[in-house]
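Student: Show me the folded form of this:
(chains A and B)
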Protein chains: 2
Amino acid sequence: MTNIAPLPAGFLNLLAEIFAAEDILTAPEDCWTYGYDNSRRHVLPQAVVFPTTHEQVVSVVNACNRFHVALTARGRGTGTTGATTPLKGGLIVSLERMNKLVEFSPDNRYIIVEPGMTNQQVQDIAKERGFFWPPDPTSAAFCSVGGNLAYNSAGPRAVKYGTPRENTLGLRAVTGAGKEIRVGVHTSKGVVGYDLTRLILGSEGTLAIITQATLKLTPLPEATKTLRAIYNSVFDAAKAVSAIMSQPVIPCALEFIDGNAINMIRQYSESDLPEHAGAMLMIEVDGQLEGLDRAAEKVAAAAKNDGLLDIRLAQTDAEVKALWQTRKALSPALRKVAPKKINEDVVVPVTEMPALIAGLGELSKKYNLPIINFGHAGNGNIHVNLLLDPDQPEQGKKAHACLDEIFSLVLALNGTLSGEHGVGLEKRDFVDRELDANSLELMRDIKRQFDPNGILNPDKMFPLV
Amino acid sequence: MTNIAPLPAGFLNLLAEIFAAEDILTAPEDCWTYGYDNSRRHVLPQAVVFPTTHEQVVSVVNACNRFHVALTARGRGTGTTGATTPLKGGLIVSLERMNKLVEFSPDNRYIIVEPGMTNQQVQDIAKERGFFWPPDPTSAAFCSVGGNLAYNSAGPRAVKYGTPRENTLGLRAVTGAGKEIRVGVHTSKGVVGYDLTRLILGSEGTLAIITQATLKLTPLPEATKTLRAIYNSVFDAAKAVSAIMSQPVIPCALEFIDGNAINMIRQYSESDLPEHAGAMLMIEVDGQLEGLDRAAEKVAAAAKNDGLLDIRLAQTDAEVKALWQTRKALSPALRKVAPKKINEDVVVPVTEMPALIAGLGELSKKYNLPIINFGHAGNGNIHVNLLLDPDQPEQGKKAHACLDEIFSLVLALNGTLSGEHGVGLEKRDFVDRELDANSLELMRDIKRQFDPNGILNPDKMFPLV
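Tutor: Here you go, the predicted structure:
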């Protein structure tokens, strides 16, 4: 931090003109918590502001351009890649107070919200009229829609219902140059001009700050059935995933938990999971009540193979809830066990999952690092958790080498380095392995067009040049 | 054409190095048919080439850059906006011979094809393993996948299954600068880098030439049920569309035909349509056989209102086929009645359909021009057909003024000028009414990045500057 120049007085005066006093923080102790996300990286921002209007966002972007101050937009800080860590100090623009409902149009299946609304708040509003917004990160209760859009965050339901890119109709935003744009449409179709909506989705606050989003809503299914399948080995489970995904009933969740994760669950909670389980699948189907039993049967039939130890349909809501709690508690539980865990979210085509799992097993042995895998198997999206021992700081280097090999493995299997967490800082230096040089150059060109002074979230997403 | 300079001899020599003799056309009579699309606009290209490999595409783009020759990529010429009309003469790159299957991976739910494969060929391959690719333009039997991607073309199924942007995982392409890029992923999730895949989809050949596409497949439904509902007035039908779209069963087609179109059908074919029908809906539901009757009942219940004259479930495959034939014959039939018809494909939020229809009725009267409306009502995507009398060439000006007012009406209703046909030439001069100046500027910037010499499909999609 010592080499970051103090914010110019003229800039601070300008902030005071744009924002009420209670919407500006400058004391380091107040700014502190706005310097990290769930990656546990931390850089102290020099100031934090809380816009409540689109116009304030325009003004603050213009101020940052005028004084060449780095601006990092932030939702609720639940990201896992350090993407909102203000590397160059500067200003954090926290959008958490810009959280109004703009328009709810159930008859047209859309809702327009400001970015600071939480995912859960959107779901609560939509539910009243029988709808939901498909993206469902584990942190839904707390994370903001703006963050979901910035990382194109998904969750279990993506396997059937898609990610934000499939569920967002349009945006109002302010580019890095301080220009207001309205992109996209209010309708489920629209082909006028280039698709800037999806270009901004997943751009991690490097192109523009979203000030309003028109989200496409989906009708809530009448009913849901949840199955738990336990397998002898991860390979048997992976084979089942492949079989499930190549038959007509698309599950609305197809979650995978490996043997190590199962052992952890057994250790930390009451559980009827058998001792020698190699892997577990949670499979959910939803839709109209009539026919749903048959859909569950079909999925169960596809899930059957020689390695299946046990498959059962959850009989009560409490059982379903318990299953999901188990699944959703995994990530925080791992954090307790291994505060320095590295949580990746690589993706491979589902048929390559056995090869990925086998490769991960070998790397775990080679580097003598415990690896626990779970995730959204229907998308081939596996959360690979490297458990580091905080008492062995020298493990960091080893973990980096291991990660390097994991990424090579994933790319060799036609996969991608991130399914839903994004790049941020964590994977910044690896993306040129996945993206070709020409594509990277185009992306940097686009960044310059949107943000000519490079004020928006600098040094993120792409390797430094 | 007189002011277009002949192609330089050096350029023609270069083409002869890149292509076999049978893959180059230069005689005007041979090039003629490559100068128009279904908009009936025509400009004679100076040469046509038929690449069969990605490398040839790279070479020909480089040749065009070197000699500053305009290059218009073309599929099968079924577009309706003049987007492939080679305004500046130059070279047509017809991709119809670049039509190989690259990889079919049903277990991973994708198929990789070259752009010249027809939509129907993709469906045929996918069907063998129980899948389909959702985009289904009326011209599916003939149109190419490359064209579908270039315009983000959809069809009736989009209401449930989305457009190419929701059904394409990745692309291999050559930019206007002659650079090869591979964008997107092989998986249903992936968030590394900006979304160049969807930026290229719908860019009408102005940014890059697609040489391979990874298409996301969907399992074929077990069964389909088709309903025909006839209404007293278009307003009653529009009200029903709104009601259908706000209940949980999403139809896989929800097509609308107005009273004028019904009269035309009655005139040109045997039909049991009642004489005073004001509008008709074709509603299709699909899914698992078990429960489908119940789904059809629910949709039928939503379709009921005071203006409903008759609703019936098609009882046989022949009946379903007849219904679809009626619907799909509309556009060609209109062309026969009014060879100079103008066919728009505006979109409004479904609740605004009654206002749109009412406004169109008023404009039809005001300009004394018959207007026939039909289209994909579930998306609010209405094909507005202005029927011009070829014997009254002075109608052109009137039609332009009428169109102008139609677009204003659509935008006032929060709609978009095009749902699936794209912009091309037809709507080029209107898009700045929909897109704000800042967005337009960004789009032009992006165009310059991809295509610095402006060789790709010049003077299309955006107003001339």
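Student: tell me the SS of A:N373?
Tutor: Under DSSP: H, G, I helix; E, B strand; the rest coil, the three-state class of A:N373 is strand.
Student: Quick check: bridge partners of it?
Tutor: A:V384 (DSSP bridges).
Student: From A:M245, how far out is it?
Tutor: Separation of A:N373 from A:M245 (C-beta to C-beta, to the nearest Å) stands at 18 Å. (Each C-beta comes from the backbone N, C-alpha and C, glycine too.)
Student: wait, what's in contact with the nearest residue to A:L169 once chain neighbours are set aside?
Tutor: Leaving aside its chain neighbours, A:L169 sits nearest to A:T214 (4.4 Å; criterion: C-beta to C-beta, 6 or more residues apart in numbering or on different chains). Neighbour list for A:T214: A:110-112, A:168-171, A:184-186 [criterion: C-beta atoms under 8 Å, 6 or more residues apart in numbering or on different chains].
Student: Repeat the analysis, applying 10 Å as the threshold.
Tutor: Contacts for A:T214 (C-beta atoms under 10 Å, 6 or more residues apart in numbering or on different chains) come out as A:102-103, A:105, A:108, A:110-113, A:168-172, A:182-187, A:197, B:414.
Student: hmm, which of these are the buried ones?
Tutor: Buried residues within the contacts of A:T214, counting neighbours by 16 or more other C-beta atoms under 10 Å in any protein chain shown: A:105, A:108, A:110-113, A:168-172, A:182-187, A:197, B:414.
Student: just for the stretch 251-400 of chain A, where's the confidence low?
Tutor: A:270 (pLDDT under 70).
Student: where does it come near chain B, residue by residue?
Tutor: Within the stretch 251-400 of chain A, the positions lying close to chain B (C-beta under 10 Å from any C-beta of the partner chain) are A:287-295, A:298, A:345-352, A:376, A:378-381.
Student: Mind doing that once more with 6 Å?
Tutor: For the stretch 251-400 of chain A, the contact set with chain B under C-beta under 6 Å from any C-beta of the partner chain comprises A:288, A:290-291, A:294, A:347, A:349-351, A:379-381.
Student: any bit of stretch A:57-64 sitting next to chain B?
Tutor: No: Stretch A:57-64 is not in contact with chain B by C-beta under 6 Å from any C-beta; minimum separation 11.2 Å.
Student: Averaged pLDDT, that stretch. What do you get?
Tutor: For stretch A:57-64, mean pLDDT is 98.
Student: and stretch A:53-73, which residues are buried?
Tutor: Going by neighbour count (16+ other C-beta under 10 Å), the buried part of stretch A:53-73 is A:54, A:56-65, A:67, A:69-73.
Student: er, stretch A:433-446 actually
Tutor: By 16+ other C-beta under 10 Å, the buried positions in stretch A:433-446 come out as A:433-435, A:438-443, A:446.
Student: Could you spell out the sheet neighbours of the host helix or strand of A:I92, each with its direction?
Tutor: Taking DSSP states H and E as the definition, A:I92 sits inside strand A:91-94. The pairing partners recorded for strand A:91-94 under DSSP bridges are strand A:47-49 (parallel), strand A:71-74 (parallel).
Student: Next, format those as CSV and append mean pLDDT.
Tutor: CSV is the format used below for the strands paired with strand A:91-94 (pLDDT from 0 to 100):
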stretch, mean pLDDT
strand A:47-49, 98
strand A:71-74, 98
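Student: Tell me which of the buried residues of stretch A:53-73 fall in strands.
Tutor: In this view, those that belong to strands under DSSP state E are A:71-73.
Student: what's the distance between the closest residue to A:E426 other than its chain neighbours and A:E255?
Tutor: Once flanking residues are discounted, A:E426 sits nearest to A:T81: 4.2 Å by C-beta to C-beta, 6+ apart. The gap separating A:T81 from A:E255 is 22 Å, by C-beta to C-beta.
Student: ok, how many other residues are close to the residue of chain A found nearest chain B?
Tutor: Closest residue of chain A to chain B, C-beta to the nearest C-beta: A:G291 (2.6 Å). Using other C-beta atoms under 10 Å in any protein chain shown, A:G291 has 22 neighbouring residues.
Student: Next: A:G130.
Tutor: 14.
Student: what about the helices in the stretch 51-200 of chain A?
Tutor: Per DSSP state H, counting those that start in this stretch, the stretch 51-200 of chain A carries helices over the ranges A:54-67, A:119-127, A:145-151, A:158-161, A:196-200.
Student: for the first one, packing partners?
Tutor: Helices and strands touching helix A:54-67, as assessed by 3 or more C-beta pairs under 6 Å, 6 or more residues apart in numbering or on different chains; DSSP states H and E, comprise helix A:9-18, strand A:168-175, strand A:208-216.
Student: and A:D404, which of those is closest to it?
Tutor: Nearest to A:D404 among those is strand A:208-216 (32.3 Å), distances taken as C-beta to C-beta.
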